[in-house]
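Colleague: next input, structure requested:
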Amino acid sequence: MKINKIKCKTALSKSNLPGLDYSLNPYRGCQHNCAYCYVPNVLKISRDKWGSFVDIKTNIPNILSKELKNKKIGVVAISTVTDPYQPTEKKYRLTRYCLEQLLIHDFPICIQTKSDLILRDVDLISKFSDAEIMISIGTINDNDRKKLEPNSSSIEKRLKVIEFFSEIGIKNSVFFGPIYPTIKLSEISKIIDTFKSHNVKEIMIDKLNLKPGIKENIIRVFPPYKSLIEDSNYYQKLFSEINKLCKEKNVKSVSAF
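Modeller: Numbers count the residues shown, from 1 in each chain. So this is what the prediction gives:
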């Protein structure tokens, strides 16, 4: 893994995602190296290089501090094109330093991650007037997770994160996506029950978005599932079953896009 220290010119960028005003990405690149990641397409980075480097925006807390003085209060998404709690955050702590700056002005925050490292910062997160935590989980089969998300936290650790934040009263949800093509219709009930047993009250669902290079990556890892990956009806059936069972089990479900 190549670590590059760089300087950034801006910290906050306008977000076009529903309910989010700004995006904040302390890093460029991601160590989790998820096979289905859409970010290489967005940032125009070669998929062969994705997962092999991380750019550390060493000055981003200072830049953020200056920008917050002049920005209109709005929801800050942390992050949108990287994971704010990827392994390198343990050393460089840029996400934590940025949270300290956001807390000074008490901007609303929405943090999305696959990592239980977020628990380190509960002392800061719990002080915000408006904070939301979203944990990404595309499967509850940890063996499958290791194939598509090799450097991320285990599913059990992520579920415990949700349970913890729920217990201390911080709004939280599961981003159930992209839903793995290994999941069968008959398994949906068990998955929702697993989420519910860890105090999940809301699930946002999303399918695999097959931008160039992603389909090939998934098929390389899960060759028997080629037909399902390319079958739009597969996800329509899954979404229908998820929404039906969530209603029955009193869990809110919403579509990502």
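
Colleague: give the helix, strand or coil label for C110.
Modeller: strand (DSSP: H, G, I helix; E, B strand; the rest coil).

Colleague: pretty sure it sits against E132.
Modeller: Yes: using Cβ atoms under 8 Å, C110 is in contact with E132, at 4.5 Å. Every C-beta, even on glycine, is put in place using the N, C-alpha and C of the backbone.

Colleague: the stretch 101-250 of the chain: strands as residue ranges?
Modeller: Here the stretch 101-250 of the chain has its strands, by DSSP state E, counting those that start in this stretch, at 109-113, 131-136, 171-176, 202-205.

Colleague: now those in JSON lines, with distance to I242, mean pLDDT and mean neighbour count?
Modeller: Converted to JSON lines, those look like this (distance: least, Cβ to Cβ, whole Å; pLDDT from 0 to 100; neighbours: other Cβ atoms under 10 Å):
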{"stretch": "strand 109-113", "distance to I242": "19", "mean pLDDT": "98", "mean neighbour count": "23"}
{"stretch": "strand 131-136", "distance to I242": "16", "mean pLDDT": "97", "mean neighbour count": "21"}
{"stretch": "strand 171-176", "distance to I242": "7", "mean pLDDT": "96", "mean neighbour count": "22"}
{"stretch": "strand 202-205", "distance to I242": "6", "mean pLDDT": "96", "mean neighbour count": "19"}
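
Colleague: and those as TSV, adding distance to L99?
Modeller: TSV is the format used below for those (distance: least, Cβ to Cβ, whole Å):
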stretch	distance to L99
strand 109-113	7
strand 131-136	10
strand 171-176	16
strand 202-205	22
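
Colleague: dump the residue contacts of the nearest residue to S166 once chain neighbours are set aside.
Modeller: Sequence neighbours aside, N199 is the residue nearest to S166 in space, at 3.7 Å (criterion: Cβ to Cβ, 6 or more residues apart in numbering). N199 makes contact with I162, E163, S166, E167 under the criterion Cβ atoms under 8 Å, 6 or more residues apart in numbering.

Colleague: and the pLDDT at D106?
Modeller: Predicted confidence (pLDDT) at D106: the value is 97.

Colleague: dihedrals phi and psi, it?
Modeller: phi 50, psi 50 (degrees, to the nearest 10).

Colleague: that one: neighbour count?
Modeller: Per other Cβ atoms under 10 Å, the neighbour tally for D106 reads 13.

Colleague: with only the CA atoms kept, save stretch 199-209 in CSV.
Modeller: The C-alpha trace of stretch 199-209 is given here as CSV (Å, rounded to 0.1, in the frame of the first residue of the first chain):
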residue,chain,number,x,y,z
ASN,A,199,-31.4,-2.7,17.0
VAL,A,200,-31.5,-1.6,13.3
LYS,A,201,-34.6,0.5,12.7
GLU,A,202,-33.9,1.7,9.1
ILE,A,203,-32.4,0.0,6.1
MET,A,204,-31.4,1.7,2.9
ILE,A,205,-31.2,-0.7,0.0
ASP,A,206,-29.1,-0.5,-3.2
LYS,A,207,-28.2,-2.9,-6.1
LEU,A,208,-24.9,-3.5,-7.7
ASN,A,209,-24.1,-0.5,-10.0
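
Colleague: quick thing: my sequence starts at 58, can you match it?
Modeller: All set: I'll call the first residue 58, so the last point we hit is now stretch 256-266.

Colleague: to the chain's geometric centre, what's the distance from it?
Modeller: Centre-to-centre, stretch 256-266 and its host chain are 11 Å apart (Cα atoms, centre = their mean, to the nearest Å).

Colleague: could I get the full set of helices for the stretch 208-314 of the chain?
Modeller: For the stretch 208-314 of the chain, applying DSSP state H, counting those that start in this stretch gives helices covering 212-224, 245-254, 271-278, 283-286, 289-305.
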